Every structure is written in C-alpha cells, then in structure tokens.
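1. Kindly generate the corresponding structure for this input.
(one chain, ligands or ions: 2)
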Amino acid sequence: MKEKNPWHTPVTIIITVIGVIAIVALVTVAVLQNRPLPQKYKYGIVLDAGSSHTALYIYEWPAEKDNNTGRVEQTYSCKVKGPGISSYASAPLKAGESLSVCMQEAKQRVPGRRHSQTPLYLGATAGMRLLNSENSSASDKVFQAVEEALQKFPFSFQGARILSGQEEGAFGWITVNYLDDRLKQGLETKGALDLGGASTQISFVSDNYDGSESPDNAVTFRLYGNDYNLYTHSFLCYGKDQALRMTLAQQTQSGPGTINDPCFHPGYTESRNYSVLYDSPCVSDRKPQGPPANFTHIGTGDFQQCQEVVKRIFNSTHCKYSQCSFNGVFQPLLQGPFGAFSAYYFVMNFLNLTDTSIPLEAVREKLGHYCATPWNQLKQQHPKVKLKYLSEYCFSGTYILTLLTEVYNFTSENYPNIKFIREIKGSDAGWTLGYMLNLTNMIPAEAPDSPPLPHAGYVSIVTVIAILLLVLFILSLRPLWPLCSKRPQIV
Ligand SMILES: O=c1[nH]cnc2c1ncn2[C@@H]1O[C@H](COP(=O)(O)OP(=O)(O)O)[C@@H](O)[C@H]1O
Ligand SMILES: [Ca+2]
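-> Ligands and ions are numbered 1, 2, ... in the order given. Next up is the predicted model:
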C-alpha cells in the first residue's frame, strides 16, 4: 500500500497555513513599522553676485537628514537679467530691482509653508571686491539696496556680504568634493579651479603643504572626522574679463590710435574708448598720458603671439617662497585630480576642448586654428552666440591654456587630471553650495552615526529569520508525522 505523504495531512496543512500567515503578518508589521516616513524637504537659497551677472540657486534636502551627507541637491537656478550688481554703482536701486524676477520665481518654487524657514544668502565676489576697494561708499549703497529688496521676500534673509577670495576658493572646493561624495568617504580630494570675470581661484590639497609656508594660503577643516589642509589662492584681476583689460592695457601703454591684437580674429575691427578700458582698478594706474579718446582694435588672429602678450600680465620675477605661481604668490606642487568650472567650462566647451585626453600640443594646434579663423566666417557659423562672447573666445582660450600651463604649471603629464565641468549630479560647480552647507552647519566635523542596518536589510533579515523559525517548528513536529499519516481504522 502506498504511504500517504505526511505533508498532505490536515494537521500539517493547518500548521503550515498558520505559519505562513504568521510570517506574512510579522514581515508586514516589520515593513510598516520601519517604513521611512514620507519625505519632507527643506530649502536654502543662495544668490551668487558675480562680477558679470547674478545667479540664484535653490537647494533642497530631506528634512530629517540635515546632518547627513550627499543629500543636498540644486533643484533650480535662475540667471538674473542684466549685469552684475557692481555695475549698478551709479544707480544702486536698480541692483535690488534686478533681482526681483528670479526672487519671484524662487517664491513659486519653494513650498509656501517652508518660506519662513528657508535661509536666503547673497554672496558677492570679485566685482564687488573691486568696487569696494575703489569706492566703498558706492559698494555700501549697492548692498543696502540689495538687502532692502531681498528683505521684502518671505524667506529668512541672512544678509548680503562680500566673500573673501579665500572663502570663494575654499567653498568651491567643498562644493566639488561634497557632490563627488569624497568628503564623507574620506577619499582623495579633487582640486578646484574657478575662473570668473574679475578673479580666479585655485584650491587643492597637497602633501607638501601643511600651511606653515605662506599661512595666508591655508584653510584647515575637519569634515566627517577627517582633517584637511587646503591650499587656496584667489587672484584678483585675473578673471578673464579683467585679464583681457590688462592684456589690452599692455598693448596700449603708449596711447596709440590703433592696435593690432593677436588675440582677436583677422577681420575684427572695433573702436574702443580709452576711458572705458582703463575704468577699473586692475588697470587704472597704467592709463597712458593724454591718449586720444578712442583707439581702433584690430584682430590679427595669431595664437602664438597672443600667448606671448598674455604671458606679460603674469609677473614671475620675484618669489620669496620655495616656489611660486606668479606675482610672488606661493604655490605648492600640484597634486591629484582637478575640476575646472565656471568660465573654464564655458570657454573650453564652446571651443570643443573639454576633452583633456587630447594631448596639449593638439589642443594648442586646434586653438591656433580657431584664432586664425576670419571674424566674418565665425559670425556666420555662430549666428546665435552673443558677439561679445564670440569675439573673446580666442583670447579666453589662450588665457586659460597660459594660466594652466605656464603659470600653475600643469604639464602634458598632469593636464589630463583636469576635468572641465559645469555641474556634478545636477548641481552647478561653484562656491554657492559649499557656502550654504557651511552656514547651515550641514557638514559635521565628526562622522555621523549611521543606523546599523538600512531599511531593506532589516526587512530581509526579519523575513529570513521568520522562515527559518517556521521550518524549525515544522521539523520539531516530526514525531507526530507518523501519527498524522495513519489511515483511520475501519472496524
Ligand atoms: O556662456 C558663456 N560663455 C562665455 N563666458 C561666459 C558664459 N557665461 C558666463 N561667462 C563668463 O563667466 C565669467 C563668470 O564670472 P563671474 O560673474 O562669476 O565673476 P567673478 O566670479 O569674478 O565675480 C564671466 O567672465 C562671464 O563673462
Ligand atoms: Ca564666479
């Protein structure tokens, strides 16, 4: 007679069903009880008042994870129409008004119930540094107007101020390394190269720099339990717009009526005003005596010669340290990967030169070819590009290559360590995110305690243990199995 399968008896079926129901109930309770709560977000707004224009950024992060890392993201950016706030020195109220379109937009983007808790910061960089140095009452008036305009919005306004060059460099470095998740994980950090219109910053960690040589260039941090000795320097007047002024000033020392400029395209001719050119503290002390009102600026499109003219704005004759970049400023040995952003990216992207695996010699050759392109031909090829930008890309590209290779000392070997970047994981590379993270204390000095298990891990372990318990329970009933399998006796 065929033995009946003990698993098919009513008792084992009932036990199994109850067991399965118990497991389902247990897992359901575990899942529901430990389910992450619906996400609530917090917001922060930073206005980057640069020399050429102002941009607004909204950042967002899960409300209960202020102190955790890698979770702050840029959700919106708005480019303010018109020039930077430093250009409104003679009409300060307009500086405040210019911000209103982007601020209205921010009001729509941040949920109303969060408005009053949302910090709003405005940081100004080299344009306002220059204005403040030449006319501090004009810069105070611009700030006053900007503050009054921002206070009218329902956010928690935290003030408008000028960042020091050191802060600008250091916060750019924090932004890049935070977005790359390098800080929390204690990985090798990435240097930051920021090129603006009126200043440029270089910031990196180097094993041969502990801050003792040239302490002015040192910024030390303790972030997520790791200590960092950062080298940073901001070169005022060496942003690409002021560098262009200095290069033109170099070529107009004798007050000529015409200059032939190798950094502009053949066929380019523009009349320029001497007073406008020299109206900046970066060049004002070099204004020629009694020049004509205007000079004719003629392009000759010669990259090699352009590089020679550009080199002359960097003074490398004196250095009281073990080594210098230029103008007597200490710079330790370059180390590690670098992210180059802001105008570095805009320019190299336009020139199709963001690929740093292309050998430097080939990059120079391509740029040489570009600079030699006739102006009329370029205008036809790029009808939508702003003429001011279009006319200056040859100069800007040459300036960038000269700065990187002749001044900072990038070579054919370490040039590929540079990545030209606009953004990382959807957030723009720049100082604003680092500035906000710092002011909202969102990067802890010590590593945060993390829960021993993530939610998914917790649920999996509960499920496995519950199944094991059921199997053990069924196995423990083994002595009853023969009983269960006995056929009912018919007497
Ligand atoms: O699309 C573009 N093409 C070329 N240059 C650009 C573009 N957008 C912005 N820029 C340049 O990037 C630079 C940004 O500098 P910013 O206004 O931040 O000055 P700052 O950092 O020195 O205060 C300016 O020189 C501006 O002209
Ligand atoms: Ca900038």
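
2. domains of this structure?
-> The chain resolves into domains spanning 6-35+452-485, 41-162, 165-430 when parsed by automatic domain parsing.

3. who in the chain is up against ligand 2?
-> Gly50, Gly196 (CB under 5 Å from the ion). C-betas here are computed from N, CA, C, even on glycine.

4. for the chain, what's the longest helix?
-> helix 10-33 (DSSP state H).

5. by contact count, what packs against that one?
-> Judged by 3 or more CB pairs under 8 Å, 6 or more residues apart in numbering; DSSP states H and E, the packing partners of helix 10-33 are helix 455-476, helix 481-485.

6. mean pLDDT for the ones you listed: which is lowest?
-> Mean pLDDT is lowest for helix 481-485 among the helices and strands packed on helix 10-33, at a mean of 61.

7. hang on, the earlier thing: partners of the helix or strand sitting right after the longest helix of the chain along the chain in the sheet?
-> Once helix 10-33 ends, the next helix or strand along the chain (criterion: DSSP states H and E) is strand 41-49. Paired neighbours of strand 41-49 in the sheet (DSSP bridges): strand 54-62 (antiparallel), strand 119-124 (parallel).

8. does the longest one come close to ligand 1?
-> No - remark: strand 54-62 sits outside contact range of ligand 1, by CB under 6 Å from any ligand atom, the gap being at least 8.1 Å.

9. Touching that strand from outside, list them.
-> 39-48, 68, 71-80, 84-85, 98-99, 102-103, 105-106, 109-110, 427-428, 432-433, 436, 442 (CB atoms under 8 Å, 6 or more residues apart in numbering).

10. residue contacts, Gly239?
-> Gly239 makes contacts with Ser51, Ala126, Leu195, Gly196, Gly197, Ala198, Ser199, Thr200, Ala343, as judged by CB under 8 Å, 6+ apart.

11. what number of residues lie near the fifth one?
-> With neighbours defined by other CB atoms under 10 Å, the count for Gly197 comes to 21.

12. From what I see, it and Lys240 are in contact.
-> Yes - the criterion here is CB atoms under 8 Å, and Gly197 meets it with Lys240 at 6.2 Å.

13. possible to save the domains of the chain as CSV with distance to Glu446?
-> Putting the domains of the chain into CSV (distance: least, CB to CB, whole Å) gives the following:
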stretch, distance to Glu446
domain 6-35+452-485, 18
domain 41-162, 10
domain 165-430, 5
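
14. Can you flag the weakest of those by average pLDDT?
-> Note on the domains of the chain: domain 6-35+452-485 shows the lowest mean pLDDT, a mean of 71.

15. Count the neighbours of the residue of the stretch 51-200 of the chain found nearest ligand 2 for me.
-> Proximity of the stretch 51-200 of the chain to ligand 2 (CB to the ion) peaks at Gly196, 3.6 Å away. By other CB under 10 Å, 27 other residues sit near Gly196.

16. Not counting residues beside it along the chain, what's closest to it?
-> Excluding the flanking residues, the one nearest Gly196 by CB to CB, 6 or more residues apart in numbering is Gly239, at 4.1 Å.

17. Ok, Lys40 next?
-> Distances taken as CB to CB, 6+ apart place Ala63 nearest to Lys40, at 4.1 Å, with adjacent residues excluded.

18. for Thr354, same thing?
-> Thr354 sits nearest to Phe420 (CB to CB, 6+ apart), 4.2 Å away.

19. hang on, the earlier thing: is it true that the residue of the stretch 51-200 of the chain closest to ligand 2 touches Phe341?
-> No - with contacts counted by CB under 8 Å, Gly196 stays clear of Phe341, the gap being 10.2 Å.

20. Single out the residue in the stretch 1-150 of the chain that lies closest to ligand 1.
-> Gly50 (2.6 Å; CB to the nearest ligand atom).

21. wait, the stretch 351-491 of the chain
-> Tyr389 (4.6 Å).

22. That residue: what secondary structure?
-> Here Tyr389 is recorded as helix under DSSP: H, G, I helix; E, B strand; the rest coil.

23. Same check on the one 3 residues further on?
-> In three-state terms, and counting by three-state DSSP, Glu392 is helix.

24. returning to that earlier point: which residues do Gly197 and Lys240 both contact?
-> The contact sets of Gly197 and Lys240 overlap at Ala343 (CB under 8 Å, 6+ apart).

25. Could you name the helices and strands sitting against the host helix or strand of Ile400?
-> Ile400 belongs to helix 387-402 when assigned by DSSP H and E. Judged by 3+ CB pairs under 8 Å, 6+ apart, helix 387-402 is in contact with helix 240-251, helix 303-311, helix 343-350, helix 360-371, helix 375-381.

26. where exactly do the helices run in the stretch 101-250 of the chain?
-> 126-134, 136-151, 165-179, 240-251 (DSSP state H, counting those that start in this stretch).
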